[in-house]
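>>> Here is a sequence together with a model predicted from it:
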Amino acid sequence: MSETSDYYAVIFTSTATGNDPAYDAMAKAMYKLAQQQPGFLHMESARSELGITVSYWQSLEAIAAWRQASEHQVAQKLGREKWYESYHVRVCKVEREYSFNFQP
């Protein structure tokens, strides 16, 4: 990710229905697939009571293509049918970023 150019973040928050090993396998497969998509930059994820995954993309077109990818469509369908009580997706333009990393 770059500090000088704009990019987009897709923030996916979810409440899971339970602990299903198939979900973890699908999440790993979707991460690998996302990495192969044009315009993909990075992904961060945390799961506990509320699952949060943020993926970063070069453009809105790249996000739309990812949403329409056939394997991703299967994962979305399974999520609605089996894995999520609820979810929310937010697409945001990142105009600036900065970070701190303590190095003793």
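Yep, that arrived. Model, not experiment: these values are computed from the prediction.
>>> can you pull out the strands in the protein?
Under the criterion DSSP state E, strands of the chain are mapped to 7-16, 40-46, 51-57, 84-94.
>>> Check those strands for me and report the most buried one.
Among the strands of the chain, strand 51-57 has the highest mean neighbour count (mean count of other CB atoms under 10 Å), at a mean of 19. For every residue, glycine as well, the C-beta is placed using N, CA and C.
>>> got the contact list for that strand?
Outside strand 51-57, the residues within contact range by CB atoms under 8 Å, 6 or more residues apart in numbering are 1, 7-16, 34, 39-46, 63, 66, 94.
>>> Dump the strands of the chain to a markdown table, plus distance to residue 26.
What follows is the strands of the chain, written out as a markdown table (distance: least, CB to CB, whole Å):
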| stretch | distance to residue 26 |
| --- | --- |
| strand 7-16 | 12 |
| strand 40-46 | 13 |
| strand 51-57 | 12 |
| strand 84-94 | 12 |
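>>> Turn those into CSV, columns for mean pLDDT and distance to residue 100.
Shown next, in CSV, are those (pLDDT from 0 to 100; distance: least, CB to CB, whole Å):
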stretch, mean pLDDT, distance to residue 100
strand 7-16, 94, 19
strand 40-46, 94, 16
strand 51-57, 96, 18
strand 84-94, 95, 17
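>>> Pull the number of nearby residues for residue 25.
Applying other CB atoms under 10 Å, we find 10 residues neighbouring residue 25.
>>> Which of the strands of the chain sits closest to residue 101?
Residue 101 sits nearest to strand 40-46 of all those, at 14.9 Å, using CB to CB.
>>> Direction included, what does the closest one pair up with?
Sheet partners assigned to strand 40-46 using DSSP bridges are listed as strand 51-57 (antiparallel).
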